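Asker: Quick one, fold the following:
(chains A, B and C)
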Amino acid sequence: MDIEWYLVLSALLFTIGFTGVLIRRNPVVILLCLELMLSAGALAMLAFSRMLGDQDGQVMVLIVLVVAACEVVVGLGIVVAMFRRRLPLDVDDMKELKG
Amino acid sequence: MTEVAFFVGAIGAIGGAIAVVAMRNPFYSVLALVVHLVFLAGIFLLLRAQFIAAAQIVVYAGAVMVIYVFVAAYVGGIEEPMFDSSPMLRIVGPILAVALFVEISIAVLGSSLTALGTDGSDKIQGGFGTPEAIGKLMLEDFLIAFEAASLLLLVAAVAAIILAGRKKAQKEAA
Amino acid sequence: MTALLADTTFVEATWILVVKSILIFIVILSVVPVVLLVERKLLGRMQQRYGPNRVGPYGSIQPLADVGKLLSKQSFRPKAAIPFLYEIAPALTIFSAVITLAILPFGDVQGGWGLYGIDVPIGILYFFAFSSIAFYGLLLGGWASGSKYSFLGAMRSAAQLISYEIAMGLSLLGVVMMAGSLSLVDIVKAQGEIWYVVPQIVAFLIFMVAGFAETNRVPFDLPEADAELVAGYQTEYGGMRFGSYMFAEYMEVLIVSGIAATMFLGGWMGPGPSWLDPIWMLAKMLLLTGFFIWIRATLPRFRYDQLMSFGWKILIPIATLNVLVTAVLVVAT
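Answerer: Okay, the predicted model is just below:
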């Protein structure tokens, strides 16, 4: 398969995730769509790594996985903290910094 | 044969992604993302990235998604009705997304990189994507990134405990 | 085949791979009922009673009778259950157990046939990947049943699984460091002089303990204990679906024994001609399975918080220490 196919697939997945982040209001689902975007980026990096025959892209993808995991952990920690304080789990309502 | 594998993987991944965005119950979105990640690992295998594929299933689908499942079960979350976001966002959002997709596709397909039209480089030796090769790279060329990533993991773990832990002094008035 | 998905060290024609996969699957499929029967009889003997001995000579056709009974039961679904997920959950558990069979090596390359499914350079990571997927079979089973006991049992079981996964991985790291490769065939070949159970005895013990926890066997079987949670995530399953969960559990026991035999007990190595290799491997697997059964007859079960604290506070530090010491010794010599 040509490398172009992988890149177009990655673009499609990225835009689906992007739509999700814009449209959804539940913070857990927004974080999920962020994950989609991150893994689409990882796919693009792997496609380029294959194109160049260079494994640096794969190491970058590993670091991206680590960063994604950390971001999820902190994001979900915030969601749980919100839930514990009986705040509504709705990003449209949590608009102010003061809480 | 590669084409069949690619299309199966691509359709699975896209289906999973659309399900993540479209499902009302957040628990189903989490499950859909797991399906998406497994199909994506299959596509990674097509790109000769076997260690990354295995690492993605172990780390992403096996650990990060587990966190999501536990939080989704604990927190739940509202089952939002379909078109609940503000009307402007409902229309502008997808339009922006389609515009972004068209733009990226034009950039990719119209690029003058001739290597994009091939099957990939021919300079691949036998150990491409194996754990030995990636380990060597990580410890020789990317050592700082590797150490920074481990530090980041430590920071994230501590942050999670502080954010989500119950404070001993002020328990929630149950 | 090489160009399609990954690098493998030894490639055969596709039809050979298909035949081999069917063969390995059938062999293990027929060993599982034997293990079931042996477990019941061994348990009986250890508890000073006969096991099942009515059906056939010495009860040997008992598994057939069990399967017949389970097949003839009505396949129901509770009203509160979610239809698709409820049915797919046992299938997922079996899938993750069976797919690990592909990397278990039953022998070296002999006469142009490698006596294993496939040997990928990421070897043992493949096992970890699919044992992480097993978590979803459990979870879906509990959640899709739509009942509180099931869900609670599933959550407990899931938390237990992910806790002991870490200890399992760390314990295998010592072996990987000593062998210098992740591929299972290479690890077996590196045990030519001495089996890794001797220098890595701590890792072996940690792996076996974590294996008990991963397969929900006594003493870690609180999530499916009758008296505590009414069989946990399996509560709402009946008939052949329950049979599938049981089948998956025994198959996982066999697979964990298989991996332990490969990584620690020298895999297929044993005195005798090379066609005896698969027999040696099966013998070691069954020996370790017998150990699982022996422990079931002997130990009481852990309370859930004791289970979790044991996994996190005791096993993981010991496993990390083991990795550290092994790393220092491997580099120093």
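
Asker: check contacts around the residue of the stretch 51-200 of chain C found nearest chain B.
Answerer: The minimum distance from the stretch 51-200 of chain C to chain B, using C-beta to the nearest C-beta, falls at C:Ser132 (2.7 Å). Quick note: C-beta positions are derived from backbone N, CA and C, even for glycine. Counting by C-beta atoms under 8 Å, 6 or more residues apart in numbering or on different chains, C:Ser132 touches B:Ile57, B:Val58, B:Ala61, B:Gly62, B:Ala63, C:Glu165.

Asker: just those residues that are near chain A?
Answerer: For chain A, the contacts drawn from these by C-beta under 8 Å from any C-beta of the partner chain are B:Ala63.

Asker: ok, the contacts of C:Ser132 vs chain A, which is closest?
Answerer: Nearest to chain A out of those is B:Ala63 (C-beta to the nearest C-beta; 7.1 Å).

Asker: Just give me the neighbour total for the closest one.
Answerer: The burial count assigned to B:Ala63 is 19, neighbours taken as other C-beta atoms under 10 Å in any protein chain shown.

Asker: how near is C:Leu42 to chain B?
Answerer: Distance, C:Leu42 to chain B, by C-beta to the nearest C-beta, to the nearest Å: 33 Å.

Asker: Let's see the pLDDT reported for that residue.
Answerer: On pLDDT, C:Leu42 comes in at 87.

Asker: which SSE is the residue nearest the centre of chain B in?
Answerer: Note on chain B: the residue nearest the mean C-alpha position is B:Leu37, at 6.6 Å, using C-alpha atoms, centre = their mean. Assessed by DSSP states H and E, B:Leu37 sits inside helix B:26-46.

Asker: Quick check: closest non-adjacent residue to residue 16.
Answerer: As the question left the chain open, I've gone with chain A. In space, and not counting its chain neighbours, A:Ile16 is closest to B:Ala17: 4.4 Å by C-beta to C-beta, 6 or more residues apart in numbering or on different chains.

Asker: The intended chain is chain C.
Answerer: Using C-beta to C-beta, 6+ apart, the closest residue to C:Ile16 is C:Trp113 (6.8 Å).

Asker: wait, isn't the one you found in contact with C:Leu17?
Answerer: No - using C-beta atoms under 8 Å, C:Trp113 makes no contact with C:Leu17, being 10.3 Å away.

Asker: For these two, work out which one has more neighbours and name it.
Answerer: Of the pair C:Trp113 and C:Leu17, C:Leu17 is the one with more neighbours under other C-beta under 10 Å, namely 16 against 13.

Asker: For chain A, see how far away that one is.
Answerer: Going from C:Leu17 to chain A by C-beta to the nearest C-beta gives 22 Å.

Asker: and that residue, what pLDDT?
Answerer: pLDDT, C:Leu17: 81.

Asker: Run a quick neighbour tally on residue 44.
Answerer: In the absence of a named chain, this looks at chain A. Each residue near A:Ala44 was counted by other C-beta under 10 Å, and the total is 22.

Asker: oops, chain B please
Answerer: B:Phe44: 29 neighbours (other C-beta under 10 Å).

Asker: What of the one 4 residues further on?
Answerer: When neighbours are defined as other C-beta under 10 Å, B:Arg48 has 24 of them.

Asker: Excluding chain neighbours, what is closest to A:Leu76?
Answerer: B:Val71 (4.8 Å).

Asker: The closest residue in space to C:Leu42 that isn't next to it in sequence is in what secondary structure piece?
Answerer: The spatially closest residue to C:Leu42, leaving aside those adjacent along the chain, is C:Ile293, at 5.0 Å (C-beta to C-beta, 6+ apart). Following DSSP H and E, one finds C:Ile293 within helix C:277-298.

Asker: quick one, what contacts the residue in chain A that chain C sits nearest to?
Answerer: Using C-beta to the nearest C-beta, the single residue of chain A nearest to chain C is A:Met1, 11.1 Å away. A:Met1 makes contact with B:Thr2, B:Glu3, B:Phe6, B:Leu46, B:Asp119, according to C-beta under 8 Å, 6+ apart.

Asker: and residue 38, how many residues sit next to it?
Answerer: In the absence of a named chain, this looks at chain A. Neighbours of A:Leu38 under the rule other C-beta under 10 Å: 20.

Asker: that's the wrong chain, I wanted chain C
Answerer: Neighbour tally, C:Val38, other C-beta under 10 Å: 17.

Asker: swap in the one 10 residues further on?
Answerer: C:Gln48 is flanked by 6 other residues according to other C-beta under 10 Å.

Asker: Could you give the average pLDDT over the helix or strand harbouring the residue nearest to A:Ile16?
Answerer: Assigned by DSSP H and E, B:Ala17 falls within helix B:2-22. Helix B:2-22 carries an average pLDDT of 92.

Asker: which stretches of the chain have low pLDDT?
Answerer: All of this refers to chain A. A:97-99 (pLDDT under 70).

Asker: looking at chain C here, not the other one
Answerer: Along chain C, the model assigns pLDDT under 70 to residues C:1-12, C:223-236.

Asker: Thanks again, I'm all set now.
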